[in-house]
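J.: from the sequence below, what's the structure:
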Amino acid sequence: GCLTGGPEPVHALSDATLARLRGELTMSLLDMRDFEIAVDPDDVGLKRGWQTGDGTGAAWKPIRAGAHWESQGFEHYDGVAWYRIDVDIPADWAGRKVTAVFEGVDDSYQLWLDGRFLGKHGDPATGETVWLVRTTIDLTPALQPGHRQRLVLRIVDHVGAGGINKPCYLTTGPVDPRGDLLR
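T.: Presented below is the predicted three-dimensional model:
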């Protein structure tokens, strides 16, 4: 027989949860690992325009995200440092929301994409730290899919270890600071 009548099917998942699952199943993810770092002990980077990614007067050195800078040759350094990375934004990301996700930055940071300020997390003035907090910043307003773009972070290490101490990535999928639905 054929079901032609009766009530609409009922599902146990909310519409919001179903939309999130659909988003996760179609998402793209781009890991960011290999950055360059320039320490800024006199905090002159903003005045010199390092947020554009040029870093005039800076001594840029390779560094990997996912570990504190102290374990990568910058022992006992507290204060300001800049991270930069060039990212090839996939052309098929056009028309999609793209979010930068940082699983932990020790202690606070500001972020620019091609010199355009897009957001910040943590606060050196109040001591608010995000070293164990997932933070996100929407890159969509400055994104140019199909082009190479420069992402720059001004990181302030308030005390102890510093840097991008946990993984970070760009994603077109849904992001929730509390964690991933499918993990």
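
J.: can you pull the contacts of residue 12?
T.: Residues near residue 12 by CB atoms under 8 Å, 6 or more residues apart in numbering: none. (Each C-beta comes from the backbone N, C-alpha and C, glycine too.)

J.: where in the chain is pLDDT low?
T.: Applying pLDDT under 70 to the chain picks out residues 1-4, 6, 9-11, 17-26, 177-183.

J.: hmm, try it at 90
T.: Applying pLDDT under 90 to the chain flags residues 1-27, 53-57, 174-183.

J.: residues near residue 117, how many?
T.: Counted with other CB atoms under 10 Å, residues neighbouring residue 117 total 13.

J.: could you show me where the strands are in the protein, in order?
T.: Counting by DSSP state E, the chain has strands at residues 29-32, 34-39, 61-64, 79-88, 99-102, 108-113, 116-121, 135-138, 148-157, 168-171.

J.: so how far is residue 55 from the residue nearest to residue 88 when sequence neighbours are not counted?
T.: Excluding the flanking residues, the one nearest residue 88 by CB to CB, 6 or more residues apart in numbering is residue 148, at 5.2 Å. As judged by CB to CB, to the nearest Å, residue 148 and residue 55 stand 17 Å apart.

J.: settle it for me: which of the two has more neighbours?
T.: For the pair residue 148 and residue 55, the greater number of neighbours falls to residue 55 (19 against 10), based on other CB under 10 Å.
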